[in-house]
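Asks: Please find the sequence and the predicted model below.
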Amino acid sequence: MDLQTLETWIRLNPLISGLIVLGCFLLILLVVILYRRRKLKRQISSTMTMGLEKTHDQLKIRLGELIRLNRDIDEGVYGHLEEVLLGADVGVKTTQKLLRYLREEVTSTGRKDIHLLKGYLRNEILKILNAHPTESLIPKKTHVLMIVGVNGVGKTTTIGKLASLYRNNDETVLLAAADTFRAGAVDQLKVWSTRVGAHTLAQKDGADPAAVAYDAVKAGVARDFNRVIIDTAGRLHTKINLMEELKKVRRVIDKALPGAPHEIILVVDATQGQNALHQAREFHQALGLTGIILTKLDGTAKGGIVVGILDEIGVPIRYVGLGERLEDLKPFFATEFVDALLN
């Protein structure tokens, strides 16, 4: 079939012509999506590198010294590497796992050149991080997030930044001020709501947190909000156990909208090191976390806590806080994290 005959055939078959146009459109759309995704990853990678600068510099110095003073990877190197990893707050259990993986890799390949150490370490850290990947969640019609964490970790600020991310995607957001115990918590959330263009549902100080959460979810469904984000208490002024109060809030949310909350996310302060790991363990046991947000990662030389939390708790890291700006809350990608840590 020559070109002229093909053109005549297409002109006489509008269905074929339409399918070709649609195919071209979908191809262009795919190229645009891939380009934007690569651009976003480059931006995240750059921000991650700057945010992990303290941890990176510390590891660079100590690993560089280890490589400079040794020719082969041997037991002495493993001993020094253990100190380096513990110093970065990877944690005892995860450090031992990394060293075990490393020994197995070196033994199986037979390659002991000290200059391969960073590459080996990168692969073994990725092995741990990729064992608990962040799932791509399909938002519900009204997607409810319950945000938990102790006072002082930046929970309310993180909620504001999360709301900003969703607003940038043209989603409607309702913030529920269910931390009714902390003085100023409601006002702080209202300020963030105004700043990012979200809405707030609040009651008077000292109101029942579960009642606030219930009303917020009902309002979110009735008014077709895309996201309802519920702030919760990090400390109580009564003798009621915090975890029991949070369990009550979770139950009430489920009554307001069966199946909600769709996400229970813990906010922890990366500068708290192993204490952050302890918090993650307790909250996960009590509530069944679906994700973790690590804040203030730019303020510590112990960014290895990311690896320890993922390994020991098994809950994906959803976002990391890498600075004070709204745009400094970034989705967590394992490869970008490890590259920023070791490159």
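Replies: That came through fine.
Asks: Low-confidence stretches in the chain?
Replies: For the chain, the stretches with pLDDT under 70 are 1-25, 29-52, 133-139, 236-240, 301.
Asks: 80 instead?
Replies: Along the chain, segments meeting pLDDT under 80 span 1-60, 66, 69-71, 132-140, 182-183, 204-206, 235-240, 298-303, 341-343.
Asks: All the helices of it, in order from the start?
Replies: 3-12, 14-51, 53-69, 75-87, 92-109, 117-129, 155-168, 185-196, 209-222, 242-256, 274-287, 305-313, 334-342 (DSSP state H).
Asks: Which one of those lies nearest to residue 297?
Replies: Smallest distance to residue 297 across the helices of the chain (Cβ to Cβ): 5.6 Å, for helix 14-51. For every residue, glycine as well, the C-beta is placed using N, CA and C.
Asks: For residue 177, give its distance to residue 232.
Replies: Using Cβ to Cβ, to the nearest Å, one obtains 10 Å as the distance from residue 177 to residue 232.
Asks: same question, residue 318
Replies: 17 Å.
Asks: Compare neighbour counts for these two and give me the winner.
Replies: Neighbour count, other Cβ atoms under 10 Å: between residue 318 and residue 232, residue 232 has more, with 27 against 22.
Asks: Just list the residues touching the more buried one, thanks.
Replies: For residue 232, the contact set (Cβ atoms under 8 Å, 6 or more residues apart in numbering) comprises 146-148, 155, 178-179, 209, 213, 246, 249.
Asks: next one: residue 180
Replies: By Cβ under 8 Å, 6+ apart, the contact list for residue 180 reads 186, 203-209, 212, 233.
Asks: just curious, which of the residues you listed is nearest to residue 194?
Replies: The nearest one, if we look at the contacts of residue 180 relative to residue 194 and count by Cβ to Cβ, is residue 186, at 12.9 Å.
Asks: picking that back up, just give me the closest of the contacts of residue 180 to residue 342.
Replies: Taking Cβ to Cβ as the measure, residue 233 is the one of the contacts of residue 180 closest to residue 342, at 38.5 Å.
Asks: The closest one is in contact with residue 208, isn't it?
Replies: No - in this structure, residue 233 is not within contact of residue 208 by Cβ atoms under 8 Å, at 11.2 Å.
Asks: Could you identify the most distant pair in the contacts of residue 180?
Replies: Among the contacts of residue 180, 204 and 233 lie farthest apart (Cβ to Cβ), at 15.1 Å.
Asks: Comparing the two, which residue is more hemmed in?
Replies: Between residue 204 and residue 233, residue 233 has the larger neighbour count (other Cβ under 10 Å), namely 23 against 8.
Asks: The more buried one: what's it in contact with?
Replies: Contact analysis of residue 233 by Cβ under 8 Å, 6+ apart lists 178-182, 209, 242, 245-246.
Asks: and with 10 Å instead?
Replies: The contact partners of residue 233, by Cβ atoms under 10 Å, 6 or more residues apart in numbering, come to 148-151, 155, 178-182, 185, 209, 240, 242, 245-246, 249.
Asks: Drop anything exposed from the residues you listed.
Replies: Among these, those buried by neighbour count (16 or more other Cβ atoms under 10 Å) are 148-150, 155, 178-182, 185, 209, 242, 245-246, 249.
Asks: now, which of the residues you listed sits nearest residue 270?
Replies: Of all the buried ones among the contacts of residue 233, the one sitting nearest residue 270 is residue 149; the distance, using Cβ to Cβ, is 12.3 Å.
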